[in-house]
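J.: return atomic coordinates for the entry below.
(one chain, ligands or ions: 2)
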Amino acid sequence: MIIGIDIGGTTTKIVGLGPNKEKICATVKASDPVASAAGAIGKFLSVAGKKMGDISLIAVTGVGSAAIADEVLGIKAIHVEEFSAVGLGGLELSGAERALVVSVGTGTAIVHAEGRQARHLGGSGIGGGTILGLGKALAGITDFDTLALAASRGDERGVDLTIGDISPKAVGTLPRDATASNFGKMADRPSAEDFSAGIVNMVFQTVGMLAIFASRAEHDETIVVVGNTMKIPSAREVLKRLYPIYGIQFIVPELAQYATALGAALYLSE
Ligand SMILES: Nc1ncnc2c1ncn2[C@@H]1O[C@H](COP(=O)(O)OP(=O)(O)OP(=O)(O)O)[C@@H](O)[C@H]1O
Ligand SMILES: [Mg+2]
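T.: Ligands and ions are numbered 1, 2, ... in the order given. Just a heads-up that it's a prediction; the model follows:
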């Protein structure tokens, strides 16, 4: 069995590909890259009910993979370039043949992918880490699940200035409920929930717009969004709300958080 390990800035993801391409997945918190790779393998074996001897090859990718040599726990490891893994994983999970694949991890990377070819177009430091950092600073929430729940319960209009706040009617294609300025209406002391909603809104409106501009430049009709940050339910809602204005739908596949690890494993198995 070939397994893919994606050692990111925050978490390490592992995916095993079974003989019929079935996927077995596990996640561990990234601390030391070498320790987290070994920890991920341990967790994977217990989830999958497999033994070390069942793993024939390891594909490693992600920022932390630079610390991995050519074997992990005695099993041969091959490095796969992260953007190739992001592209291939995004295509596999969405079923698309060519697409813009956006990985919203600790930061954000935007890749144009077609078959095994992937090209990194650029990215942004605005990503999941921004949500965690601002959530701590503004809402006083340190736990990821608590922050995601607060964002679902909150209302970003408690912190954002909308077109309706400054104009009696729609402006061009922008409806009155479109955001004019993120965090542009900070009159009173907002609740932790409204802060959380405003943070997720700002990050995903920014990521969504970067993706829309990149898709236009690349003539990509499909945008696939992956990464662990997509576990925030309201993140998907923010992207959905861009549709009426820009006419672009974002595909967020099931297993979005495993796209890069899966892509790495596929890269070596095809
Ligand atoms: N249980 C969790 N604990 C912490 N963060 C989580 C958790 N679940 C989801 N996240 C979100 O996922 C983000 C990290 O995403 P992901 O694991 O895809 O990034 P990464 O691969 O480690 O980083 P990068 O790809 O930028 O190198 C965090 O910043 C946070 O917003
Ligand atoms: Mg990543």
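
J.: going forward, measure contacts between C-alpha atoms and count neighbours the same way
T.: Will do.

J.: per-residue confidence for the residue in the stretch 101-250 of the chain that ligand 2 sits nearest to?
T.: Nearest residue of the stretch 101-250 of the chain to ligand 2: residue 105, at 4.8 Å (Cα to the ion). Residue 105 carries a pLDDT value of 96.

J.: what sits closest to it if chain neighbours are left out?
T.: Once flanking residues are discounted, residue 105 sits nearest to residue 227: 5.0 Å by Cα to Cα, 6 or more residues apart in numbering.

J.: just give me the neighbour total for the one you found.
T.: 26 (other Cα atoms under 10 Å).

J.: contact residues of the stretch 1-150 of the chain facing ligand 2?
T.: Within the stretch 1-150 of the chain, the positions near ligand 2 by Cα under 5 Å from the ion are 8, 105.

J.: what segments of the stretch 1-150 of the chain are helices?
T.: Taking DSSP state H, counting those that start in this stretch to define them, one finds helices in the stretch 1-150 of the chain at 33-48, 82-94, 128-134, 144-153.

J.: can you say which of those helices is nearest to ligand 1?
T.: Nearest of these to ligand 1, taken as Cα to the nearest ligand atom: helix 128-134 at 3.4 Å.

J.: got the buried residues for that closest one?
T.: Across helix 128-134, burial judged by 16 or more other Cα atoms under 10 Å covers 128-132, 134.

J.: pLDDT for those - can I get that in CSV?
T.: CSV is the format used below for the buried residues of helix 128-134 (pLDDT from 0 to 100):
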residue, pLDDT
128, 98
129, 97
130, 98
131, 98
132, 98
134, 98
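
J.: could those be laid out in JSON lines, adding distance to ligand 1?
T.: JSON lines is the format used below for the buried residues of helix 128-134 (distance: Cα to the nearest ligand atom, whole Å):
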{"residue": "128", "distance to ligand 1": "3"}
{"residue": "129", "distance to ligand 1": "4"}
{"residue": "130", "distance to ligand 1": "7"}
{"residue": "131", "distance to ligand 1": "6"}
{"residue": "132", "distance to ligand 1": "6"}
{"residue": "134", "distance to ligand 1": "11"}
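
J.: circling back to that earlier point, so what pLDDT did the residue nearest to residue 105 get?
T.: For residue 227, the predicted pLDDT is 97.

J.: residues contacting it?
T.: 103-105, 256-260 (Cα atoms under 8 Å, 6 or more residues apart in numbering).

J.: what does residue 29 give?
T.: 10-12, 36.

J.: near ligand 1, which of the residues you listed show up?
T.: Counting by Cα under 6 Å from any ligand atom, 10-11 from the contacts of residue 29 sit close to ligand 1.

J.: average model confidence for stretch 23-38?
T.: 90.

J.: who's residue 123 bridged to?
T.: Taking DSSP bridges as the rule, residue 123 bridges to residue 109.
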